[in-house]
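In: structure for this input, please:
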Amino acid sequence: MEQTLTLVRWRRYGKDRLYVRDGQDQQLGWHDLLTGHTMLNPGARALEVERAVAHWRSQHGFPSLGDQQQVPQPVQPRPAPARSTPPSPPGEDLAQRRAGAAAREQADAERRAAPVRTLVARVLGVHTDERAWRIGAKGEEKVAAELQKLIASDPRWCVLHAVPVGNRGSDIDHVVVGPGGVFTLNAKHHPDATIWVGGDSLRVNGRPYPYVRNSRHEAARAARLLSAACGMPVPVQGLVVPVGAAKLTIRDQPRDVTVVPRSQVARWLRALPERLSPQAAQLVYEKARDSRTWTSRSG
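Out: Numbers count the residues shown, from 1 in each chain. Alright, predicted model coming up:
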């Protein structure tokens, strides 16, 4: 059974392309409307993409590619230099991870370890570790839904969710790559809370939280790892994204971290000036989606 594909046209810098995404909003590849050439990401099914592109062309007045249509080929990685040791096994494709995956796993583990206590705590409204992880996962899912709006309006943007870093169970809620740069997003779900921000100080209901410091560290670590993987400097900016707060007051933004509420994050990213060329953005995204990038000793 074929899945429903979404095709978004992008015209800029003398290019005219169709970007193809699947039902989970994962990019499958793109079709050049000027040359008729199609490029596929690894794992995409050529025939399915070809049919969707042909239907779009017929519906929008483009001539049929006919018998001369080139069968789309997956993007081939550059050959690795000769080495004396066997190559590393392929890493996990992080583009397949769902928002909140790591937090959900932690919540499930807590629930399995103490099912009765978890049930009683939910009934009584007691705050537990299971609840914290569950609420956190919901916050990440809400931010992911907002980022989906960004991708729908501009397919040059790409997003990864629940990116595992290192070998101690750390993860980055969202990594965003696009024309405006590279960003690590830290979703913070505090339903009905009052949040106050003054520079590096962030308080939730009057209590200080180290979100700004943590976001700064997370972005710096991501910059080191991505720069090493790409072979070029990759600046990364950290964002703290409050979710569900009843009131958010930002007196002063932190020095090199930005606090952006969930409802405004897509608009904020879309309004940024262009800092990355399409080629650079594609390179960074391809490296970012490879799990091996995030377990490098460079971080």
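
In: I would like the residues contacting stretch 269-284, please.
Out: Stretch 269-284 is contacted from outside by 13, 150, 153-154, 156-158, 176-183, 226, 230, 232, 234, using Cβ atoms under 8 Å, 6 or more residues apart in numbering. For the C-beta atoms, the positions are set from N, CA and C on the backbone; glycine is no exception.

In: am I right that Q279 sits in a helix?
Out: Yes - the assignment for Q279 (DSSP: H, G, I helix; E, B strand; the rest coil) places it in a helix.

In: run a quick neighbour tally on it.
Out: 8 (other Cβ atoms under 10 Å).

In: in the protein, which ranges drop under the pLDDT threshold?
Out: For the chain, applying pLDDT under 70 flags the ranges 1-2, 12-14, 66-90, 100-134, 136, 297-299.

In: domain assignment for it?
Out: Listed by automatic domain parsing, the domain ranges of the chain are 6-74, 94-295.

In: where do the helices of the stretch 51-200 of the chain begin and end?
Out: Along the stretch 51-200 of the chain, counting by DSSP state H, counting those that start in this stretch, helices occupy 101-113, 115-124, 129-153.

In: re earlier: just the domains of the chain: most buried one?
Out: Using mean count of other Cβ atoms under 10 Å, the stretch among the domains of the chain with the largest mean neighbour count is domain 94-295, at a mean of 18.

In: what about it, distance to the chain center?
Out: 9 Å (Cα atoms, centre = their mean, to the nearest Å).

In: now do the end-to-end distance for that domain.
Out: Domain 94-295 stretches 13 Å from its first residue to its last (Cα to Cα, to the nearest Å).

In: cool, and stretch 254-272?
Out: In stretch 254-272, first residue to last residue: 18 Å (Cα to Cα).

In: what does stretch 149-166 give?
Out: 30 Å.

In: same thing with stretch 7-20?
Out: Taking Cα to Cα, stretch 7-20 runs 5 Å from one end to the other.

In: got the contact list for it?
Out: In contact with stretch 7-20 (Cβ under 8 Å, 6+ apart) are residues 5-6, 21, 27-34, 44, 49, 52-53, 56, 152, 154-156, 278.

In: then stretch 208-226?
Out: 165, 172, 175, 182-184, 186, 188, 197, 200-203, 234-240, 254, 256-257, 259, 284, 287-288, 293-294, 296, 298-299.

In: the same query, at a cut-off of 7 Å, please.
Out: 165, 172, 175, 182, 184, 186, 188, 200-202, 234-240, 254, 256-257, 284, 287-288, 293-294, 296, 298-299 (Cβ atoms under 7 Å, 6 or more residues apart in numbering).

In: same check, this time on stretch 185-201
Out: Against stretch 185-201 from outside (Cβ under 7 Å, 6+ apart): 135-136, 138-140, 143, 173-174, 176, 202-205, 208, 211-215, 218, 238-252, 254-255, 259.

In: and that stretch, end to end?
Out: Termini of stretch 185-201 sit 18 Å apart (Cα to Cα).

In: helix/strand/coil for L226?
Out: Secondary structure state of L226, per three-state DSSP, is helix.

In: I'd like to know how far it sits from D252.
Out: Counting by Cβ to Cβ, to the nearest Å, the gap from L226 to D252 is 28 Å.

In: ditto for R292
Out: 39 Å.

In: L147 too?
Out: 26 Å.

In: repeat for R275
Out: With Cβ to Cβ as the criterion, R275 and D252 are 24 Å apart.

In: what's the answer for S263, then?
Out: 21 Å.

In: ok, A144 next?
Out: 28 Å.

In: what do you get for V241?
Out: 18 Å.

In: check V177 too.
Out: From V177 to D252 the distance is 28 Å (Cβ to Cβ).

In: which stretch of helix or strand covers Q24?
Out: Under the criterion DSSP states H and E, no helix or strand holds Q24.

In: what's near enough to touch V53?
Out: 18, 31, 38 are the contacts of V53 under Cβ under 7 Å, 6+ apart.
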